[in-house]
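S.K.: Sequence plus the predicted model coming up.
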Amino acid sequence: MDGLPHTIGPNTAQSVQRTIKNAISCVGVGLHSGNRIELTLRPMPAGTGIIFRRTDLDGFTDIPARHDHVIDTRLCTVLGDTARRDLRVGTVEHVMAALAGCGVHNVLVEVDGPEVPILDGSAASFVFLIDCAGITEQASSINRIEVLRSVRVEHGAAFAELRPAMFGFDMSLTIDFNAALIGRQALNLRLSPDSFRRELACSRTFTMANEIEALRAAGLALGGSLDNAIVVDGSRVLNPTGLRSPDEFVRHKMLDAVGDLALAGSELHGRFIAHRTGHALNNRLLRVLFADDANWRLVNEDASTYPIWQADSVAVAA
């Protein structure tokens, strides 16, 4: 990757925006639709951000990859336009995680169907695509979103929180499932391209065996299989190859959070702390963060401004 620095955070070597060198495509199945989907990543100019485009629909079909364009969070994150029911792209979290995790800021993501292909259920295949396309620096500095004041959202026992931090982006996540194989798992991580590739990228999505029939009856998980998801049955994993790590479950939930939080639109500088969070809470957390200008500010990498720490916090319950 041209010897480019692999760190995310203020006052690091990576201070400019990046895109991919070449367009690259893949074909896979949609996890929920079961449709064959072709995805293409294309380079974009500095300042564009990540944009999704439906190539199978007529008219203007671009959707910015931002939290305020999320229209559904049931089992995945769906971007769309509330004024146009057919304009939607689901399961965006894994490709968003790969782009954010690799430090790629400006890309057009084209799909010819209603969702991103699930591939193997992790972000590893998207990282591979990005590596094959190559990464190139652009002549514009990075904008970072500095968390100035703690914000928190809750739903029952679950919560997600963003706090100010002195350096980079730290993540702390716990999960707690009734399935004996999963139980309670915890993970702490300082996010960077190196740590994302090493600790999160290959962790796969998962489901419980006793939930599959209900999901398919609801028109979901129609493309799911043991090739693209871990299936847990009590104390057993039904996948012949088993787990990629004993705590693959919490690692995947953190991967999802990386993708969901990448919908902030710029790199976050702060600390993410969550328990039993999911797509809905992750999205609500961003909406609460941006609801008040006192919670955050945009800092350019070339600027010499830093957050003013505040003791105030904002909490929102379901």
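M.R.: It's in. Bear in mind the structure is a predicted one, so any value in this text is a computation, not a measurement.
S.K.: buried sites along stretch 238-258?
M.R.: Along stretch 238-258, the positions that meet the burial threshold by neighbour count (16 or more other CB atoms under 10 Å) are 239, 243, 248-258. (Glycine included, C-beta is placed from N, CA and C.)
S.K.: Which of these fall within helices?
M.R.: Glu248, Phe249, Val250, Arg251, His252, Lys253, Met254, Leu255, Asp256, Ala257, Val258 (DSSP state H).
S.K.: how about the residues you listed in JSON lines, adding distance to Gly234 and pLDDT?
M.R.: Converted to JSON lines, these look like this (distance: CB to CB, whole Å; pLDDT from 0 to 100):
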{"residue": "Glu248", "distance to Gly234": "17", "pLDDT": "98"}
{"residue": "Phe249", "distance to Gly234": "14", "pLDDT": "98"}
{"residue": "Val250", "distance to Gly234": "19", "pLDDT": "98"}
{"residue": "Arg251", "distance to Gly234": "21", "pLDDT": "98"}
{"residue": "His252", "distance to Gly234": "19", "pLDDT": "98"}
{"residue": "Lys253", "distance to Gly234": "20", "pLDDT": "98"}
{"residue": "Met254", "distance to Gly234": "24", "pLDDT": "98"}
{"residue": "Leu255", "distance to Gly234": "24", "pLDDT": "98"}
{"residue": "Asp256", "distance to Gly234": "23", "pLDDT": "98"}
{"residue": "Ala257", "distance to Gly234": "26", "pLDDT": "98"}
{"residue": "Val258", "distance to Gly234": "29", "pLDDT": "98"}
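S.K.: ok, the residues you listed vs Ile142, which is closest?
M.R.: Set against Ile142, the nearest of those by CB to CB is Val258 (16.9 Å).
S.K.: wait, what's in contact with the closest one?
M.R.: Taking CB atoms under 8 Å, 6 or more residues apart in numbering as the contact definition, Val258 lies against Met96, Ala97, Ala100, Gly101, Met171, Leu191, Phe196, Leu200.
S.K.: rewinding a little: just name the closest of the buried residues of stretch 238-258 to Leu79, please.
M.R.: Minimum separation from Leu79 among the buried residues of stretch 238-258 (CB to CB) is found for Asp256, which lies at 14.8 Å.
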